[in-house]
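1. mind folding the following:
(one chain, ligands or ions: 3)
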Amino acid sequence: MLTIGCHLSSSKGYLNMAETAVSIGADTFQFFTRNPRGGKAKAIDEEDIRNFHKYSREHGIHTILAHAPYTLNACSADESIREFALNTMTDDLRRMEYTPGQLYNFHPGSHVKQGAERGIELIAELLNRVLYPEMTTTVLLETMAGKGSEVGRSFEEIRSIIDRCELSEKLGVCLDTCHVYDAGYDIVGDLDGVIDEFDRIIGIDRLKAVHINDSKNPFASHKDRHEKIGEGYIGTEAFERVINHPAMRELPFYLETPNELDGYAGEISLLKGLYRH
Ligand code: FE
Ligand code: FE
Ligand code: ZN
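-> Ligands and ions are numbered 1, 2, ... in the order given. Sure, this is the predicted structure:
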């Protein structure tokens, strides 16, 4: 079965997100751990968590993906910004243990004139401080479009970060279809070639989740603007191949398209209809 969901607001808690997911035909969801611009996270409500677990078991909600705030920059030249990234991720990973065995995704960061090499070192340094042996969460590095000085624009950069981490068994990758297409990986014309390259450089076992987004911009434009499924340069036929690809069809897919709930419901039903059984 295709596992698919979308990004949901976490402002009303975990049970509310699971109920919303079910109401739009989703099996999973993504959410921000706190205000996407940063700031303090709401305290965990243990009763909400208990209700969420019960409801999710009953309704088949699984493999939820928490997304770090996108202001988090693990490789900033500014030490106070790196400190914020460290504190935020430490706190997020502690909170994630209330929902054991799930996924936590972050944008590797922007090196801003320091160079990708230095960026990679700083990101790995942060991961080496926040990952711990007893954690049950898998931390995902998101593939980036290569806007500005983003790190993670190539499979090689992602691999270099993973290689520098001591607890690399805690790490995986979230492939964003809009980002990789924007970064210059032709998932429309040569999906098999891109997957083979991912496998060769990173190892396909690291691929744990997919952000499924169309792109407002043509191939390799490094802009990072998401579009609704089928309304951008990637197109419905390419998405049909993505969700059915043997290396991806068992993974959870998360929509981050410019939609309200009814739009997401439509995309979920469209993609479920294209999934081969
Ligand atoms: Fe993201
Ligand atoms: Fe994404
Ligand atoms: Zn994006």
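2. what residues does this protein put near ligand 2?
-> With the criterion set to CB under 5 Å from the ion, the chain comes near ligand 2 through 176, 211. Using the backbone N, CA and C atoms, a C-beta is placed for each residue, glycine as well.
3. hmm, 8 Å instead?
-> 67, 105, 142, 174, 176, 178, 179, 211, 213, 226, 254, 256 (CB under 8 Å from the ion).
4. buried subset of those, written for PyMOL?
-> Selection of buried members from the residues of the chain next to ligand 2 for PyMOL, criterion 16 or more other CB atoms under 10 Å:
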select buried, resi 67+105+142+174+176+178+179+211+213+226+254+256
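5. closest to residue 33 among the residues of the chain next to ligand 2?
-> Closest approach to residue 33 among the residues of the chain next to ligand 2 (CB to CB): residue 67, at 7.1 Å.
6. what ranges do the strands span in the chain?
-> With DSSP state E as the criterion, the chain has strands at 3-8, 28-32, 65-67, 103-106, 109-110, 138-142, 150-151, 171-176, 207-212, 214-215, 226-227, 252-255.
7. quick one on the thing from earlier: adding distance to residue 4, write the residues of the chain next to ligand 2 out as JSON lines.
-> What follows is the residues of the chain next to ligand 2, written out as JSON lines (distance: CB to CB, whole Å):
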{"residue": "67", "distance to residue 4": "16"}
{"residue": "105", "distance to residue 4": "16"}
{"residue": "142", "distance to residue 4": "18"}
{"residue": "174", "distance to residue 4": "14"}
{"residue": "176", "distance to residue 4": "15"}
{"residue": "178", "distance to residue 4": "16"}
{"residue": "179", "distance to residue 4": "18"}
{"residue": "211", "distance to residue 4": "11"}
{"residue": "213", "distance to residue 4": "13"}
{"residue": "226", "distance to residue 4": "16"}
{"residue": "254", "distance to residue 4": "8"}
{"residue": "256", "distance to residue 4": "12"}
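8. quick revisit: dump the strands of the chain into a markdown table; add mean pLDDT as well.
-> What follows is the strands of the chain, written out as a markdown table (pLDDT from 0 to 100):
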| stretch | mean pLDDT |
| --- | --- |
| strand 3-8 | 98 |
| strand 28-32 | 98 |
| strand 65-67 | 98 |
| strand 103-106 | 98 |
| strand 109-110 | 98 |
| strand 138-142 | 98 |
| strand 150-151 | 98 |
| strand 171-176 | 98 |
| strand 207-212 | 99 |
| strand 214-215 | 98 |
| strand 226-227 | 98 |
| strand 252-255 | 99 |
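9. quick one: contacts for the nearest residue to residue 52 once chain neighbours are set aside?
-> The spatially closest residue to residue 52, leaving aside those adjacent along the chain, is residue 14, at 3.6 Å (CB to CB, 6 or more residues apart in numbering). Shown in contact with residue 14 (CB atoms under 8 Å, 6 or more residues apart in numbering): 48, 49, 51, 52, 99.
10. just flag the most distant two among those residues.
-> 51 and 99 (12.3 Å).
11. who wins for neighbours among the contacts of residue 14?
-> Using other CB atoms under 10 Å as the neighbour test, the contacts of residue 14 are led by residue 52, with 22 neighbours.
12. and the longest helix for this protein?
-> Taking DSSP state H as the criterion, the chain has its longest helix at helix 79-96.
13. in that one, what's buried?
-> Buried positions in helix 79-96, judged by neighbour count with 16+ other CB under 10 Å: 81, 82, 84, 85, 86, 88, 89, 92, 93, 95, 96.
14. and the angle for it with strand 138-142?
-> Relative orientation of helix 79-96 and strand 138-142, computed by axes from the mean of the first three to the mean of the last three CA atoms, to 10 degrees: 140 degrees.
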